[in-house]
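**Q** just to be clear, the model below is a prediction. Sequence and coordinates:
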Amino acid sequence: MVRRFDPDVPVPEEVVRELAALAVRAPSAGFTQGFDLVALLAPADRDRFWAAASEPGRTDAWLRGVSAAPALVVFLSDPGAYLDRYAEPDKGWTDRSPDRWPIPYWDTDTAMAAMLVLLGAEDRGLGALFFGVPGPRHAAVLEAFGAPAGRRVVGVVALGTEAARVSGSSRTRRRRPLDEVLHLGRFGVS
């Protein structure tokens, strides 16, 4: 994950389109495909995002580094699309209740789409970062970009050329060994 971007090296729209084409290949419960991507390539659009997404007065190093990214892709989920899809005859849940979803697949599927964009960015030699928008700022982001009612902000992928490596916990913490992560048949077995 890249946290400092070179603002002078743009990400061409065609590359963003290629990455979005990867995103639409993500797994999707019921093949619902209930997500939208809002690509922010113009400086005015990115400025509008940061004004809506940032807490007033925040000017820390993380924000300065990430806000320099020449491309942002905002990932929005559409819970209503899933509730509608699973009320169709082949699924049979006519009540459209979100209670049937202990894990909200509208957000899960959207996050999988974001992961494909991250992997595609890596394949293209781009730096990328997936980050969240503070909860109290979601409504402002949705409004700033005219998102349809019911959409949810799942996260944002910043794209660009890495400006400088940043030291920090992601550079100093070790990756968990496979034997700590993989449990064959049950916990305690690797």
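**A** That came through fine.
**Q** can you give me the buried ones in stretch 138-155?
**A** When burial is assessed from 16 or more other CB atoms under 10 Å, stretch 138-155 yields the following buried residues: 138, 140-142, 144-145, 147, 151-155. (Glycine included, C-beta is placed from N, CA and C.)
**Q** measure that stretch end to end?
**A** With CA to CA, to the nearest Å as the measure, stretch 138-155 spans 10 Å from end to end.
**Q** report the distance from it to the chain centre.
**A** 13 Å (CA atoms, centre = their mean, to the nearest Å).
**Q** same check on stretch 49-58?
**A** 18 Å.
**Q** circling back: which ones among the buried residues of stretch 138-155 are found in strands?
**A** Within the buried residues of stretch 138-155, membership in strands is found for 152-155, as judged by DSSP state E.
**Q** I'd like those written out as TSV, with pLDDT and distance to Gly125 added.
**A** Formatted as TSV, the entries for those read as follows, by pLDDT from 0 to 100; distance: CB to CB, whole Å:
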residue	pLDDT	distance to Gly125
Arg152	98	31
Val153	98	28
Val154	98	25
Gly155	98	22
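**Q** give the other helices and strands that the biggest helix by length in the chain contacts.
**A** Under DSSP state H, the helix in the chain containing the largest number of residues is helix 105-123. Helices and strands in packing contact with helix 105-123 are listed as helix 13-23, strand 35-40, strand 71-77, helix 79-85, strand 127-131, strand 152-160; criterion 3 or more CB pairs under 8 Å, 6 or more residues apart in numbering; DSSP states H and E.
**Q** ok, so of the ones in strands among the buried residues of stretch 138-155, who is nearest Ala53?
**A** Ranked by distance to Ala53 (CB to CB), those are led by Val153 at 8.6 Å.
**Q** would you agree the closest one is in contact with Val133?
**A** Yes - under the criterion of CB atoms under 8 Å, Val153 is in contact with Val133, at a separation of 5.0 Å.
**Q** strand 35-40 and the longest helix of the chain, what's the angle between them?
**A** 40 degrees (axes from the mean of the first three to the mean of the last three CA atoms, to 10 degrees).
**Q** follow-up on the earlier one: Pro177: which of the helices and strands packed on helix 105-123 is closest?
**A** Nearest to Pro177 among the helices and strands packed on helix 105-123 is strand 127-131; the distance by CB to CB comes to 23.6 Å.
**Q** run the chain-centre distance for that closest one.
**A** For strand 127-131, the gap between its own C-alpha mean and the chain's C-alpha mean amounts to 9 Å (CA atoms, centre = their mean).
**Q** and the longest helix of the chain, which residues are buried?
**A** Counting neighbours by 16+ other CB under 10 Å, helix 105-123 gives 105-114, 116-118, 120-121 as buried.
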